[in-house]
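fold the following, please.
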Amino acid sequence: MKAYWKNIRISPKKLRVVAEVVKNRNATWALNFLKFAPKKWADILYKVLHSAVSNAVNNNSQDVANLYIDQLVITKGIVYKRWQPISRWRMHPILKRTSNIRLELQVK
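Have a look, this model is predicted:
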């Protein structure tokens, strides 16, 4: 009962803020929390969690009320490197960071 999402165009530091709140919680509680949380990355985590719950219900015939988030790991993805030109032919780097999400559910 796993779900992955790779190379999301948001930094891992921003994703970990919301991930720490829902880690080791009941799946239904986490779905309700993420649905109404006022952050952009809460919607991203909601989609991953919803996918994992759907995998558990459809593939493993589990009940949603018995599921909880066992592991929620957010790692660094690839970094897109761009350059901002400044005076006298110099450049400042712009790093566009991406994230990978791995979410695993377990039965109580």
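
all helices of the chain, in order?
Assigned helices in the chain, in chain order: 12-22, 27-36, 40-60 (criterion: DSSP state H).

turn those helices into TSV, including mean pLDDT and mean neighbour count.
Where C-beta positions appear, they are placed from N, C-alpha and C, glycine not excepted. Formatted as TSV, the helices of the chain follow (pLDDT from 0 to 100; neighbours: other C-beta atoms under 10 Å):
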stretch	mean pLDDT	mean neighbour count
helix 12-22	93	17
helix 27-36	96	16
helix 40-60	94	17
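
turn those into a markdown table, columns for distance to Leu67.
As requested, these are arranged in a markdown table below (distance: least, C-beta to C-beta, whole Å):
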| stretch | distance to Leu67 |
| --- | --- |
| helix 12-22 | 13 |
| helix 27-36 | 4 |
| helix 40-60 | 6 |
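
looking at the ones you listed, which is nearest to Thr75?
Among these, the nearest to Thr75 by C-beta to C-beta is helix 12-22 (6.7 Å).

the closest one packs against which elements?
helix 27-36, helix 40-60, strand 67-86, strand 90-107 (3 or more C-beta pairs under 8 Å, 6 or more residues apart in numbering; DSSP states H and E).
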